[in-house]
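# Below is the sequence, then the predicted model.
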Amino acid sequence: MKPTDELSKVIRDLGAPDPSARRIAAETLATADERAIYPLIRSLRDENPGVQDAAMRALIAIGGEVTAYMTLPLLRESPFLRNTARIILSQIGKTAVPLLRSLLADRDDDIRTFAVDLISDIGSCEYPEEITRLLETDPNQNVRASAAKAMGTLRYRDGLQALIGALGDSEWVCFSALESIADINDDACVEPVLSLLQTPSEAVRYAAIETLGKMGSKRAIDSLISLLAKSNDIEKPAIVKSLVQIGMTPAMAEIADLLVDLYVKGAWDDRLLALKGLADLRYEQAIPVILDSAGSLDPSAPESEDLLSAVKQALIRFGCAPPLIAVLDDPAVRFRAKTLAIEVIADLRCPEAVPPLLRIMGGDLREVRRSAALAIAEMPGEEALQALRNCIDDRDGHVRSVALSALGRIGDQASFDRLFRHLDLENYRDVLEETVKALLMIDADRLFSFLDALSPMVKETIGRYTGNLDVLLTLSRDRELGIRLAALTGLGRLRDERAHKRLSEALAEGDVEMRKTAVLALGAQHCSVDDVKRALDDRDMWVRLYAVKTLGDSQDPAAFTAVLPMLSDKEVPVVLSAIDVLVRLGSADPATLGVLRDHRDEAVRQRVARAMERLC
């Protein structure tokens, strides 16, 4: 919008009878210039909330000093307009701050308060000394409280003495001063805050306790501990929280009990603090309580994730404590809590937990049994290793998979025969894959010695996971197509002349799947144009398509010349791929792609148009 007549029409629409038309006009003016500001400010008084909101957003989008200047008078209007003005000014940000300076001397207490609050919201100010002056001299406590808060938001250290002085002001101002002192966090403020622990005001004492915790100064430890003995039930949890934040959790039974209570009943942040304190104390009696509470959380809920992670980290700090291991045999512990305990034990690799884990393996709770299997897989020692061997024949496929993976990772030679026999017994393909991978890790050569006797599924799995060139070459000529395809893919992972030669041969073979797989495998080897050139003339569309994409991924300078004729391919997907490849190679130009502007297929025409836009 930029012509005057068009702008005038949209501004006139702000007075249309239809609210929808007025709202659309306000939204449209978000891209206008300063001429739209006054009409939009008038629309803030519209009777329709949608129009009001659109006008507010448009003013924010226009922004700038003029918008801020014309919005300032609204601070003296009705509560709705006043709040709307505050939103607009805070969103305009730093540009509005110089205009707020004169309001600090306004005769209206509310206007001074609004101005300081806006500076806090924006978080920037070139005249913080004037805010300090308000804190020290303004007769209105709301203004002084806002000034104290703003100084903390601005991190204005030169105003610390004024903030310290404000600690003797009314409670409302004192609270804001303490909040800012915590934000600035200067050691010079510790003693003045400590002096507030002797004040008769319970609210001020409580705020001072919280501030000392946020500041984290160890100089506060002795005073907080002394206060604990004579504090009431409201202050005690606050004192304990502050001590934990400072990094000092005294080994006192009362503190441990308070931390447990805080963990069970506290808010989110309080529970995290309580966990830290309990772990600092190594208060093992709290382990069942921690687990029970964590067991009630839904692990799929986003808000539970952080707390569950904190619980695990705290429990790990307890080490292989007897109460942690005792949970495994406690039938009263809910299964989520037990699963969490098992996960912690697995991280700690507690060998003394193997017997109860084995007892769990004999139970019926599927998820707990799976967690136990994962934990046993992490344990050292022959007892755990034998347990894993026994899991090869477990009734649960997930348990078998965990055991097989662990045995392969360990390289347990003693389990080879049992694993080999299991190849003919396993019903689940994914578990069979784990069996094959385990055998490959334990003794690949021994497994290859039985290659001719293995089932097609096992051979195919070997083709996907082995890096043995001779075996892959053998499997690439197997009677079963699936085995040949897996072997060709495996050959693509090897940089070897024999592998390259076999893949080139496969390009000439009759089966289309073989040719497609060979092209992709040659691409994985970063082949040259000559390696896949014949695939560009293949009778199968997908072979040609894969060949084009492979050349696009190659670093061969001749790729452009090879791909260019594919713009005339009879199949649209090949043409589209050729366009993308030429653009990616940086070799396309308007003259090259221009021949396709009138292509019979709309998708090709659109792709060419987008490519031409980028090129131009």
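Looks like it arrived, so ask away.

# Following element in sequence after the lengthiest helix in the chain, please.
If you go by DSSP state H, the chain has its longest helix at helix 429-448. Using DSSP states H and E, the next helix or strand after helix 429-448 towards the C-terminus is helix 456-465.

# Restrict that next one to CA atoms and write it as PDB.
Taking C-alpha atoms only, helix 456-465 is exported to PDB below (Å, rounded to 0.1, in the frame of the first residue of the first chain):
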ATOM      1  CA  PRO A 456      17.700 -66.800   3.400                       C
ATOM      2  CA  MET A 457      16.600 -64.400   6.100                       C
ATOM      3  CA  VAL A 458      19.900 -64.800   8.000                       C
ATOM      4  CA  LYS A 459      21.900 -64.400   4.900                       C
ATOM      5  CA  GLU A 460      20.000 -61.300   4.000                       C
ATOM      6  CA  THR A 461      20.700 -59.900   7.500                       C
ATOM      7  CA  ILE A 462      24.400 -60.700   7.200                       C
ATOM      8  CA  GLY A 463      24.400 -58.800   3.900                       C
ATOM      9  CA  ARG A 464      23.000 -55.700   5.700                       C
ATOM     10  CA  TYR A 465      25.500 -55.700   8.600                       C
END
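
# pLDDT (mean, whole number) over it?
The average pLDDT within helix 456-465 is 95.

# which residues are in contact with that helix?
With contact meaning C-beta atoms under 8 Å, 6 or more residues apart in numbering, helix 456-465 is reached by 423, 429, 432-433, 436-437, 440, 447-448, 451, 454, 471-472, 475-476, 478, 480, 482-483, 485-487, 489-490. In this view, the C-beta of every residue, glycine as well, is placed from N, C-alpha and C.

# got the angle for that helix vs helix 429-448?
If you take axes from the mean of the first three to the mean of the last three C-alpha atoms, to 10 degrees, helix 456-465 sits at 80 degrees to helix 429-448.

# Give me the helices and strands touching the very next helix or strand once past helix 456-465, please.
Remark: after helix 456-465, the chain's next helix or strand is helix 469-475, criterion DSSP H and E. Secondary-structure packing of helix 469-475 (3 or more C-beta pairs under 8 Å, 6 or more residues apart in numbering; DSSP states H and E): helix 456-465, helix 481-491, helix 497-506.

# tilt between the longest one and helix 497-506?
When the same axes, to 10 degrees is applied, the directions of helix 481-491 and helix 497-506 differ by 140 degrees.

# ok, back up a step: now restrict the contacts of helix 456-465 to buried residues only.
The neighbour-count test (16 or more other C-beta atoms under 10 Å) applied to these identifies 423, 432-433, 436-437, 440, 447-448, 454, 471-472, 475-476, 478, 483, 485-487, 489-490 as buried.

# Against Leu451, how distant is Lys241?
According to C-beta to C-beta, to the nearest Å, Lys241 stands 66 Å off from Leu451.

# same question, Met379
Separation of Met379 from Leu451 (C-beta to C-beta) stands at 34 Å.

# One more: Ala341?
Taking C-beta to C-beta as the measure, Ala341 falls 45 Å from Leu451.

# now Ser554
Taking C-beta to C-beta as the measure, Ser554 falls 34 Å from Leu451.

# before we move on, the earlier item: looking at the helices and strands packed on helix 469-475, which is nearest to Asp18?
When the helices and strands packed on helix 469-475 are compared by C-beta to C-beta, helix 481-491 sits nearest Asp18, at 63.5 Å.

# Quick one: list the elements packing against that closest one.
By 3+ C-beta pairs under 8 Å, 6+ apart, helix 481-491 packs against helix 456-465, helix 469-475, helix 497-506, helix 512-524.
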